[in-house]
Each structure stands twice: as structure tokens, then as C-alpha cells.
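> Quick one: sequence and predicted model below, then my questions.
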Amino acid sequence: MCTVKAVAQLINIGWHTAEDVAHHHPPLLVLVAKEVGIYGGAGRVYPVGHEWASEPRRSPLRFAYSAAEGPKATTALIDDALHMATEAGLFDNVQTTARVRLTGVVVGIVADRAMVKLDGRVGIVPDALAFPGLPLERSLQPGQEVTGLYDADSRWFDVRESRLEPDVALSSYAAGDVVLVQVESVEADRASVFLHPLVTVDVTHSAVTSNPLDDLSDLLTPGEVLPARVLATGGEWHLSLLDIDDDEEPVAAAALFAGGPPWLVAAIPADVSEPAVPATAPIEVVSFDVEIDVADPHAETHVPDAPVNAPAPAGPSPAMFDRSRAVRPRPTPGPAEAPAGPPAAAVESASTKSMSLTIASLQAEVRTAKRQRDEVHAQAQGFATELEHLRTELRQVEDQVRRLTQQLEQSRTKLRKSRSSSSTTDAPAFADPERGFRFLVERAWATRIPTAEQPNCPLGDYSLGPDFLGSLDALHGLATDRVADVVMEVVTGKAALSGGRELHQLRTDDAGGSPQRLREDGARAWRVSLQSNTPAARRLHYWVLPDGSIELAKVGVHDDMSI
């Protein structure tokens, strides 16, 4: 595992630990604000420049509350350093130009690192050297060929030069396609979405809801992935979130690298049920349980192990572990001249008595030290238990926040869908069904085609066949508005540009090489999808007449090939 220091050395930037700073620049830690300081055993990486001083979030703290969390915190610090170095352009400076350009194949993604098989070597690609800010799974995939700059010392493989330009990546999108976007920001009357990580599109209020009183912040959530319909492509992208059925399958999102995966995938409804509380490793409390045995080898009598009255400590303090305090040496009697009067036996008895008193005093101090040790140990164990309870509560609160956030996003999605469909209650009523259907087609054209493009995208000539409205009335499970929307795409030519419409010739039989079905007047039969990926998906059949006009024939299900 590469260290943060190794990353710093690779990109030729300074590396200092908190101890280095305190030793060489003691005033610096004093001047650094508390919000951007280092405390509690945490680590952080400071980006180039001074913006982090006023924006602490640019330099996030990384904590490791246990030895098991150390590798995770280290990886986070390494990623922070890589991202900051990439943003500052340090990988492109003169000190890193010794890298060689190689081409390899992605063999897997492990621990947020892509492994690329090169010519006898393995290159490591972090997300900062692919597409900063995106998980690698949204940029690279196994089997994909990539080209980049390889550094032999660190094995970093920088593949940023292989990224597709946004206009190239988005070139497969066509007007009428339903595509995936990610919400960037939301205000009351407008929103911004990512069509591509480097392409944002502003979405107007009317393109999200038909109710002018709606607040878009109640309908959209930043970070949410949702479908949108492309109204116009190119330099001026126009998107709409209105009138998108749940059964409409979005086209695959753009790939950021040639042969790469879609950068967005449709959101899967999250399980917001109560999760089981994960088990965590217990906190180890260090015990200083050292037996100290002080005894008189010559004493025949046992000194009673009575407690010594001593004031209990107010709380744990470093003084409790001061060895010089716990076992304080006592001065021993120095050699003295033998008195003239007392006999030798009396001298030996006095010496023995003095030694016994010294031993008893030491034993009392040892008992006091042990009691203090046990008290500190008990307090530490209590603190550890309390800390574990707090961590459990923190996990529960985080899980609750996650569930509530998911519920909020789901509620906003449901509300948006309920508001996004054009209101049918306010639609004009027509005694003539054909006139009513033509009104729906024209309304779809006026709603979806920007006014600037309408002169170049007119509604073509079309007619309704004798069985068309009858087949529409007989078909359940599909709104008439939806059919009118697709008819608008057909008569404007946009259906031919949309891969999701699956426009193709209606042939005489199921054989792949069979000819297109023709009518006596020379009209040719065509088929287009109204739905996809649903049982009995609906299809629209129509004729293209020799003069180029269109005759709508019928609406049927997927297996119905009649016209």
C-alpha cells in the first residue's frame, strides 16, 4: 500500500507530520484555526493554496478510532492527496515527465483501484487519475483497453488522456431520446443537471412540473439520478422531465472512455427498512497489572494485609503512573560505630525492627498503588464502554439519516412524477375524436420542440387510417397522450433519430431477409415502439405514402404484426 508520504514524494510536494510542524514551526500550529487543525489522532491533507484556511471542507479530517480502521483512514488520506495534486496539476509538472506512455487492458477493480495489465507490468489507476470525483466503476471496466502515462517507481497509471471529449461521448444522443441525468443543484424555480460529468444543463421550472406553484426543491434531490427527454442536442442542450412513462427505458448513458461502462445507471429503489446493527470490535483497555512483591526474607511473622487509610484520588492523572511516587526509596541506615554499652544482640534486634518497619511501609504503598491502578483501570473501562455506546448511537443516527434521506428522495420522485404529466382534466374536449387526437399531437410538438427549432422541425402531413382510433380505444394500459407524443416524433422525423423508438420496416414475415410490406398504392409499412421492456409492449404501425405523407394504421402489441 502506498503511503501519503510516497504520494507527496512522487508529485514533488512537501510532506510534514504534525510532529515535524510542531518541532520546526511551533507558532504554525498556534496560528492554524481550530477548524483546520489536527487533533484527536486524526490526519488531514492540505491542498495547494490557502483557500482551505477559510474553507475547512477542502481539507477533511480522517479519523481511525481503532487499529482496524487504520487502513481505511490511510486510503482516504492517499486519495485526498491524489485528488488535490490532480486539481493543482502537479502530476503534469516537469518532475513527472519521465513517465512513459503505455497501452494496457483493465483486468479488475479492487479496493478503489483499477489494475491494468501492461507489457509485463501492472499499472494502478486511482479515480483521481481516471475521472476525479467519480467511482472507478463508472469510468472503467474489466476488458477495456486504455492508454496512459506509467510511472515505474509508484506504478501509478494516469489514463486521463484517454477520456473522450464530452461532445464525442454524447454524440449518440438524439432528440426524443430518454436519457439519464444526475441532479447537480436545485432552486425554487430552476435546476441544473449533469448530462455528462463535464456538461451541465439548466432545466426550467416548466420542464419539471406543470404546476406553476410547485417549488422544485420539493421535487428534486441533488445527486438523484433520473430520466429526462432530450429536446435539442448540440451546443444548446434542452431537456424535459415531463411526460416520461415509467416503462420508457432510457438509452445507455454515455461512456467516459472508449469501451467503458455507462457513467450513470438507473437508480434502484433503496431498502429503507431497519438495518441490523453491525458488530464492532471491542475496545481494548490496556491494563498495567504488574505484581510487585516486597517481603522480608528473614521475617518469620506475617505482616497483616490491612488497608492503609489514604485519600482516594479525584480522578486519573499522570501522577498515578509516576514510578518514583509509587515506590519511593527510603534511606537506609548507614553504618554506625558500635556503642560501648549495648550488646551485639541488641543491635541486631534494632536493625531487624527498622527493616520490618520499612518493608511494612513499602507494602502499604504498593497496596495503595495497586488500588489506584485498579481505580484508573475501572475508569478507563467505563470510558471505553461509554465510547462504544456513543459509537453505536452514532451508527444508528447515521443509519436513520440515510433512511430518511432515501425516503425523502423517494417521496420527491413520487411527487415529481405526479406533477410531471400534463394535466388531462384541463385539456379541451372535442366532439370529433380525430380533431381531439390531432390537438394532442400538436400540443406535444409545441411542448417538446423549442420555439427556435420549430421552423426547421414542422409537423409533417399525416392522416388517420380507418382503424386507427378504434385500435387506440381498444388498447388499455397506454395513455392517448403517450401515443400522440410518439406520433409527433414520427411525423417530424425525430423517431428515426431515436434508438429507443426501435423504428424499423414492417416485413411480410418474421424472417430477417423478408421484404418490407407494401400496399397496392405503393405505401410502405413501418413499425415503431411505444413501450419497451414490458409485457405485451405496445407498437405503432403506419404507412409512408409515395408522396412522403404518413397514414397512421393501428396501435397493437409486440406480437401483433398485422396492419
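That came through fine. Residues are numbered from 1 along each chain as shown.

> give me the element L180 is part of.
strand 178-186 (DSSP states H and E).

> shouldn't S463 be in contact with A553?
No - no contact is recorded between S463 and A553 when judged using Cβ atoms under 8 Å, the distance being 10.4 Å. Placement of C-beta: from N, CA and C, glycine included.

> Which one's more surrounded, these two?
A553 (24 against 13; other Cβ atoms under 10 Å).

> Now the strand holding L180: buried residues?
Judged by neighbour count (16 or more other Cβ atoms under 10 Å), strand 178-186 contains these buried residues: 178-184, 186.

> Which elements pack onto the helix or strand immediately after it in the chain?
Downstream of strand 178-186, the first helix or strand assigned by DSSP H and E is strand 190-196. Applying 3 or more Cβ pairs under 8 Å, 6 or more residues apart in numbering; DSSP states H and E, one finds that strand 190-196 makes contact with strand 178-186, strand 199-204.

> and of those, who's closest to D547?
strand 178-186 (31.7 Å; Cβ to Cβ).

> ok, the closest one: who's next to it in the sheet?
Its sheet considered, strand 178-186 pairs with strand 190-196 (antiparallel), strand 225-232 (antiparallel) by DSSP bridges.

> so who does the nearest residue in space to L518 that is not next to it in sequence touch?
Nearest residue to L518 in three dimensions, chain neighbours excluded: R524, at 6.0 Å (Cβ to Cβ, 6 or more residues apart in numbering). The contact partners of R524, taken as Cβ atoms under 8 Å, 6 or more residues apart in numbering, are 505, 516-518, 543-544.

> mind listing what the residue nearest the centre of the chain touches?
Nearest to the geometric centre of the chain sits P135, at 7.2 Å (Cα atoms, centre = their mean). Residues in contact with P135 (Cβ under 8 Å, 6+ apart) are 112, 127.

> how does it look with 10 Å?
With contacts defined as Cβ atoms under 10 Å, 6 or more residues apart in numbering, P135 is in contact with 109, 112, 127, 263.

> With S217 instead?
By Cβ under 10 Å, 6+ apart, the contact set of S217 is 185-189, 191, 412.

> if we go to 7 Å?
When contacts are counted by Cβ atoms under 7 Å, 6 or more residues apart in numbering, S217 is found next to 186-188.

> which one among the residues you listed gets closest to L394?
Of all the contacts of S217, L394 sits closest to V186, with 28.6 Å by Cβ to Cβ.

> do you know how far the closest one is from R482?
If you measure V186 against R482 using Cβ to Cβ, to the nearest Å, the figure is 27 Å.

> Would you write a PyMOL line that selects the buried entries of the contacts of R524?
Isolation of the buried members of those (16+ other Cβ under 10 Å) is achieved in PyMOL through the command below:
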select buried, resi 517+543+544
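
> Okay, and which of the contacts of R524 map to strands?
Residues from the contacts of R524 lying in strands, with DSSP state E as the criterion: 505, 543-544.

> okay, those residues in TSV with distance to V208 and pLDDT next?
Converted to TSV, the ones in strands among the contacts of R524 look like this (distance: Cβ to Cβ, whole Å; pLDDT from 0 to 100):
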residue	distance to V208	pLDDT
Q505	37	89
W543	37	94
V544	35	94
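
> From those residues, pick the one nearest R373.
Taking the ones in strands among the contacts of R524 together and measuring to R373 by Cβ to Cβ, the closest member is Q505, at 89.6 Å.

> residues in contact with V544?
V544 makes contact with 523-524, 526, 550, according to Cβ under 7 Å, 6+ apart.

> Could you dump the residues you listed into JSON lines with pLDDT, distance to D473 and secondary structure added?
What follows is those, written out as JSON lines (pLDDT from 0 to 100; distance: Cβ to Cβ, whole Å; DSSP: H, G, I helix; E, B strand; the rest coil):
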{"residue": "A523", "pLDDT": "94", "distance to D473": "24", "secondary structure": "coil"}
{"residue": "R524", "pLDDT": "94", "distance to D473": "26", "secondary structure": "strand"}
{"residue": "W526", "pLDDT": "94", "distance to D473": "22", "secondary structure": "strand"}
{"residue": "I550", "pLDDT": "95", "distance to D473": "20", "secondary structure": "strand"}
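
> Closest one of those to V203?
Taking Cβ to Cβ as the measure, V203 lies nearest I550 of those, at 31.4 Å.

> gap between the closest residue to A496 other than its chain neighbours and V105?
Once its chain neighbours are removed from consideration, A496 has its nearest residue in L503; the separation is 5.5 Å (Cβ to Cβ, 6+ apart). Between L503 and V105 the distance, using Cβ to Cβ, works out to 36 Å.
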